[in-house]
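Visitor: Sequence and predicted structure, then a few things I'm wondering about:
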Amino acid sequence: MKRNIWALGDRSISGSLDRVFAAGNLKIDKANIKKIRSAGDININNSYIDNVYVVGHINSKNSNFGDFKVVGDIEIEGVCKASTFGVTGRLKADFLECNILRNSSKGKKTSENGTLRTVEFKGSFKAKTFENFYPFYMNCDFRFDNIISDSYLQYNGVLECERFYSFEDLHVEGVNAEFIYIRPNAKIELESIVGSQIIVSDNFKVDKEFKEIPMTLSPNSYKNLTKSKSHIISISEIEGDKIEIDHVKAEYISGIDVVIGDLCIIEKVEYKNSIKISEKAVVNKIVKL
């Protein structure tokens with residue numbers, strides 16, 4: 001039978017364990033642990049832990065995890081893998097691969113002088129889904145299939161993935177993805193969008209594809225994120241196959257099937273198959289390809 005451990009103070013742990021409850025500093029080496037709950041600093045080496053919730057600083061080397069949640073700073077050496085990896089704090093990793101990587105830092109989002117506080121991860125990351133719930137500066141090497149952002153997101157370049165969803169502030173040079181949804185927001189700085197299907201709208205639909213994305217929240221919880229007032233945003237260029245927009249001011253739009261919704265001001269639109277323009281939109285030039 002696997003053992004349970006209740007530890008206070010400094011403790012070294014190895015072997016196969018069921019549950020570990022600790023307050024203090026832990027050293028875990030060559031262990032297989034079902035669940036750990038701890039407050040304090042932990043060093044983890046060459047181990048597997050299925051369920052982790054820690055408040056404190058973690059150093060991990062060549063270890064794998066199931067469901068991982070930490071409030072504190074993390075440093076990862078070597079290659080680590082996890083199913084769900086949620087971080088409330090700073091993260092530095094040589095290489096971390098997981099199903100879901102979640103930035104869920106909490107606290108004040110502005111400093112005393114009013115500037116925005118941001119979190120940034122250091123290192124190399126791979127995930128099916130990156131979830132962003134706190135102002136984040138994406139200053140790392142990454143490969144994310146899906147990005148879901150419900151907070152400020154900054155990236156100095158063109159953000160590339162398969163499916164991209166932004167419900168809050170966005171500061172990037174461009175977005176290039178198969179599917180793109182952006183909710184119009186007053187604090188969006190974005191030059192270009194390129195994709196197969198592009199939706200810039202205050203109306204978000206929870207479709208089958210969104211429900212199939214690995215995520216920690218219920219897909220339907222995102223419906224409430226679009227109920228606040230939308231703003232007109234400026235985007236220089238939008239190019240895609242299917243384009244549906246509202247609350248957008250743009251210089252150039254090119255697509256196969258294009259829908260220009262309410263409160264749009266567009267300088268030039270090119271389309272191949274179909275175009276619909278709202279009576280509450282202004283389009284200066286229309287070209288059929």
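Guide: Yes, it's here.

Visitor: for the one helix or strand His171 maps to, packing partners?
Guide: Element membership for His171, per DSSP states H and E: strand 170-182. Packing partners of strand 170-182 (3 or more CB pairs under 8 Å, 6 or more residues apart in numbering; DSSP states H and E): strand 153-160, strand 163-166, strand 188-200. For glycine as for every other residue, the C-beta is placed from the backbone atoms N, C-alpha and C.

Visitor: With mean neighbour count as extra columns, can I get the ones you listed in CSV?
Guide: Formatted as CSV, the helices and strands packed on strand 170-182 follow (neighbours: other CB atoms under 10 Å):
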stretch, mean neighbour count
strand 153-160, 17
strand 163-166, 24
strand 188-200, 20
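
Visitor: Can I get those in TSV including distance to Val54 and mean pLDDT?
Guide: Shown next, in TSV, are these (distance: least, CB to CB, whole Å; pLDDT from 0 to 100):
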stretch	distance to Val54	mean pLDDT
strand 153-160	26	95
strand 163-166	29	97
strand 188-200	35	96
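
Visitor: For Asp257, grab the count of nearby residues.
Guide: 16 (other CB atoms under 10 Å).

Visitor: Backbone dihedrals for it, please?
Guide: The phi and psi values for Asp257, taken as degrees, to the nearest 10, are phi -120, psi 120.

Visitor: what's near enough to touch it?
Guide: Contact partners of Asp257, counting by CB atoms under 8 Å, 6 or more residues apart in numbering, are 241-243, 271-275.

Visitor: Now, these that are in strands?
Guide: Judged by DSSP state E, the contacts of Asp257 include 241-243, 271-275 as members of strands.

Visitor: Would you format those as TSV with pLDDT, neighbour count and distance to Pro219 included?
Guide: As requested, those are exported to TSV (pLDDT from 0 to 100; neighbours: other CB atoms under 10 Å; distance: CB to CB, whole Å):
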residue	pLDDT	neighbour count	distance to Pro219
Asp241	98	15	24
Lys242	98	17	21
Ile243	98	26	23
Tyr271	97	20	31
Lys272	97	13	32
Asn273	98	12	30
Ser274	97	12	29
Ile275	97	20	31
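
Visitor: shouldn't Tyr181 be in contact with Val175?
Guide: No. Contact criterion CB atoms under 8 Å: Tyr181 and Val175 do not qualify, at 10.1 Å.

Visitor: anything in contact with each of those two?
Guide: In terms of CB under 8 Å, 6+ apart, Tyr181 and Val175 are both contacted by the residues Phe164.

Visitor: Distance check, Arg163 against Glu209.
Guide: Separation of Arg163 from Glu209 (CB to CB, to the nearest Å): 7 Å.
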